[in-house]
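Colleague: Sharing a sequence plus its predicted fold:
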Amino acid sequence: MPVNETLSQFSDWSYTTAAAIYLLAMVFFLIEQSFGRKTRVRAEEAGVLVGAGGGPLPPGTLSSTSPPRAPRAGRPERFGRMGVALTVLGALMHLAALALRGFATGRVPWGNMYEYMMAVCLVAVVTWLIVLRKYPVRHLSAFVLLPVVILLFIGGTMLYTTAAPVQPALQSYWLVIHVAAVVISSGIFLVPGVASVMYLMRTAHENNPVRFARLSGHLPPREVLDRVAYRMTVLAFPIYTFGVLCGAIWAEAAWGRFWGWDPKETVAFVAWVVYAAYLHSRATAGWRGKPAAWINVIGFGFIVFNLFFINLVTAGLHSYVNG
């Protein structure tokens with residue numbers, strides 16, 4: 001099928017626009033992160049005073065038994081909300097870039113490293129937007145968007161390839177199943193990876209509040225970060241397991257063996273073992289806190305290592321996905 005150059009160009013423009021919008025949203029989140037803490041502290045203190053009902057209140061104010069009014073959002077908080085709106089807009093442009101790439105080539109749009117990176121980042125952003133609906137973790141948004149912007153920059157510069165049909169080795173329905181599962185799980189894993197890093201920073205802040213106060217003091221409570229990391233890992237792990245199994249089946253069909261200790265297969269298996277250990281330790285030994293967070297960070301480190309080093313540096317049976 002010939003490539004539609006017009007749709008391919010529109011895809012490239014949408015990709016660049018999405019990256020720029022994410023960068024602007026990250027700036028807005030950083031403004032809220034830097035200047036929004038005093039407003040939140042005053043609101044929390046006011047809520048405590050109202051709940052305590054201490055002393056007479058001025059005329060026209062709420063009584064101690066009245067439900068407290070929602071505090072008015074300050075300017076930093078409005079920047080945070082605008083950052084969320086920009087992130088949604090960026091995700092829509094991101095989705096358009098991925099879809100247009102698929103329509104331009106007449107295939108699923110994850111046949112090379114550029115498209116794979118684009119798809120992983122889109123899953124990460126959509127996952128984060130869902131997390132924002134459930135948990136009060138908006139102040140982590142800049143830290144989530146930072147790796148997304150970096151990956152999109154690397155993908156659009158170092159890894160960019162013109163739209164073209166995939167190589168014959170990838171012309172299989174397993175490209176849809178296996179790679180889609182790995183893309184979805186890898187994108188989701190980015191969220192608990194960032195949450196675990198922030199958990200460790202929050203812990204360092206509580207142990208040494210003077211040294212880490214400028215950054216970690218703005219983060220959500222450790223319990224919230226731990227809960228986000230655990231639940232997102234629980235969601236991603238079965239999808240990742242399915243992707244690894246599908247990869248083994250595809251390898252048997254393409255190369256005549258289910259497992260050959262190819263570098264990418266080996267690191268993918270090591271990452272699977274690390275995440276399995278994380279979930280097992282949480283379920284049986286009741287691990288919480290720093291040990292669990294470190295295991296989660298190590299697992300995500302293997303995911304990133306497998307994405308970059310294995311595909312771009314080493315030579316193996318999976319090297320053809322670079323182009």
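Modeller: Looks like it came in fine.
Colleague: And the pLDDT at Leu30?
Modeller: The confidence metric pLDDT takes the value 90 at Leu30.
Colleague: packing partners for the one helix or strand it maps to?
Modeller: Taking DSSP states H and E as the definition, one finds Leu30 inside helix 5-35. If you count contacts as 3 or more CB pairs under 8 Å, 6 or more residues apart in numbering; DSSP states H and E, helix 5-35 packs onto helix 75-105, helix 141-157. The way it works is simple: take the backbone N, C-alpha and C, and place the C-beta from them, glycine included.
Colleague: ok, residues contacting stretch 120-134?
Modeller: Stretch 120-134 is contacted from outside by 22, 84, 87-88, 90-91, 94-95, 98, 137-138, 141, 144-145, 147-148, 151-152, 155, 183-184, 186-188, 190-191, 228, 232, 307, using CB atoms under 8 Å, 6 or more residues apart in numbering.
Colleague: Show me which of these are buried.
Modeller: Neighbour-count burial (16 or more other CB atoms under 10 Å) applied to those gives 22, 84, 87, 90-91, 94, 98, 137-138, 141, 144-145, 147-148, 151-152, 155, 183-184, 186-188, 190-191, 228, 232, 307.
Colleague: Give me the buried stretch members for the helix holding Leu30, please.
Modeller: 7-8, 10-12, 14-15, 17-19, 21-26, 28-33.
Colleague: Run the angle between that helix and helix 141-157 for me.
Modeller: Orientation of helix 5-35 against helix 141-157 (axes from the mean of the first three to the mean of the last three CA atoms, to 10 degrees) gives an angle of 150 degrees.
Colleague: Now find how far off-centre helix 5-35 is within its chain.
Modeller: From the chain centre to the centre of helix 5-35 is a distance of 15 Å (CA atoms, centre = their mean, to the nearest Å).
Colleague: hang on, isn't Thr233 packed against Ile295?
Modeller: No. Contact criterion CB atoms under 8 Å: Thr233 and Ile295 do not qualify, at 9.8 Å.
Colleague: ok, those two, which is more surrounded?
Modeller: The residue with more neighbours, out of Thr233 and Ile295, is Thr233; 26 against 20, by other CB atoms under 10 Å.
Colleague: give the contact list for that one.
Modeller: Thr233 touches 189, 192, 275, 278-279, 296, 299, counting by CB under 8 Å, 6+ apart.
Colleague: Roughly how far does it sit from Trp128?
Modeller: Applying CB to CB, to the nearest Å, the value for Thr233 to Trp128 is 15 Å.
Colleague: sec struct for Thr233, please.
Modeller: Of the three states, Thr233 takes helix under DSSP: H, G, I helix; E, B strand; the rest coil.
Colleague: I should have written Val108 there, sorry.
Modeller: Taken by three-state DSSP, the conformation at Val108 corresponds to coil.
Colleague: For Leu86, give me its contacts.
Modeller: Contact partners of Leu86, counting by CB under 8 Å, 6+ apart, are 21-22, 24-25, 28.
Colleague: what do you get if the cut-off is 10 Å, keeping everything else the same?
Modeller: Applying CB atoms under 10 Å, 6 or more residues apart in numbering to Leu86 gives the contacts 21-29, 145.
Colleague: Leaving out sequence neighbours, find the closest residue to it.
Modeller: Ala25 (3.7 Å; CB to CB, 6 or more residues apart in numbering).
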